[in-house]
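Q: fold the following and give me the result.
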Amino acid sequence: MATKYARAAGGAWGADATWATTSGGAADTTKPGVGDAAVIDSNSGAVTSINGSCDSLTVTNGAVKTPTLTFSGPLTLSGAFSVTGNSAVNRILCASTAVGTARQISAASVSLTNVDFR
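A: So this is what the prediction gives:
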C-alpha cells in the first residue's frame, strides 16, 4: 500500500502527474489505485474528475485554501472516506461535474466535517 498526495498544481484524478509520494512534492508516482491511500491536503491544488478505486481518501484544508472535490463518476473505497474542512468559513465543497447528476461514493466508513455538497 502506498500513500499518494495530490500536488499543488492539482489536476485530474486519473492523471499520474497529479500525484506525489510526499505532501507538496513533485510528480513522482502514479494515480491512486486499489490498496493505495489518497490524500488531498493544504499543499494540494484542485483535484477534478474524481472516480476510481483506492483504499482510502483523506481530505483536509488549510486556512487559505477551500478545496472543491469534483466527481465525474463513482468512487469506491475499501477503507475510509474522511473529509474535514477547517471551519464553518473554510469548508470543503463536493460537487458533480454535471449539476443534477448523482455520483456514488462507496466506503467502509465515512467522516464529514464542514463539508458542502452541490
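Q: what ranges do the strands span in the protein?
A: 3-6, 11-12, 19-20, 37-40, 47-54, 56-60, 68-77, 80-84, 92-96, 105-106, 109-113, 115-117 (DSSP state E).
Q: what pLDDT does the residue lying farthest from the centre of the chain get?
A: Distance from the C-alpha centroid of the chain peaks at Gly100, with 20.5 Å (CA atoms, centre = their mean). Gly100 carries a pLDDT value of 77.
Q: what about this structure, any weak spots by pLDDT?
A: Low-confidence segments of the chain (pLDDT under 70): 62-66, 88-89.
Q: distance of the residue nearest to the spatial centre of it from Arg103?
A: Central residue of the chain (CA atoms, centre = their mean): Ile40, 5.0 Å from the mean position. Noted for Ile40: a distance of 16 Å to Arg103, by CB to CB, to the nearest Å. Just so you know, the C-beta spots here come from the backbone N, C-alpha and C atoms, and that holds for glycine as well.
Q: next one: Asn43
A: Taken as CB to CB, the span from Asn43 to Arg103 is 25 Å.
Q: who touches Thr70 in this structure?
A: By CB atoms under 8 Å, 6 or more residues apart in numbering, the contact set of Thr70 is 46-50, 95-97.
Q: closest to Thr18 among these?
A: Val47 (6.4 Å; CB to CB).
Q: which of the contacts of Thr70 sits closest to Val34?
A: The nearest one, if we look at the contacts of Thr70 relative to Val34 and count by CB to CB, is Ile50, at 15.6 Å.
Q: wait, what's in contact with Ala15?
A: With CB under 8 Å, 6+ apart, Ala15 has these contacts: Lys31.
Q: sorry, slip of the keys, the one I care about is Leu75.
A: 50-53, 57, 81, 103-106.
Q: how far away is it from Gly25?
A: Leu75 sits 23 Å away from Gly25, going by CB to CB.
Q: next one: Thr101
A: For Thr101, the distance to Gly25 - CB to CB - is 33 Å.
Q: ok, now Thr84?
A: 22 Å.
Q: and for the closest residue to Thr113 other than its chain neighbours, the neighbour number?
A: Of all residues not flanking Thr113 in the chain, Thr84 sits nearest, at 4.6 Å (CB to CB, 6 or more residues apart in numbering). Per other CB atoms under 10 Å, the neighbour tally for Thr84 reads 15.
Q: all good on my end, thank you.
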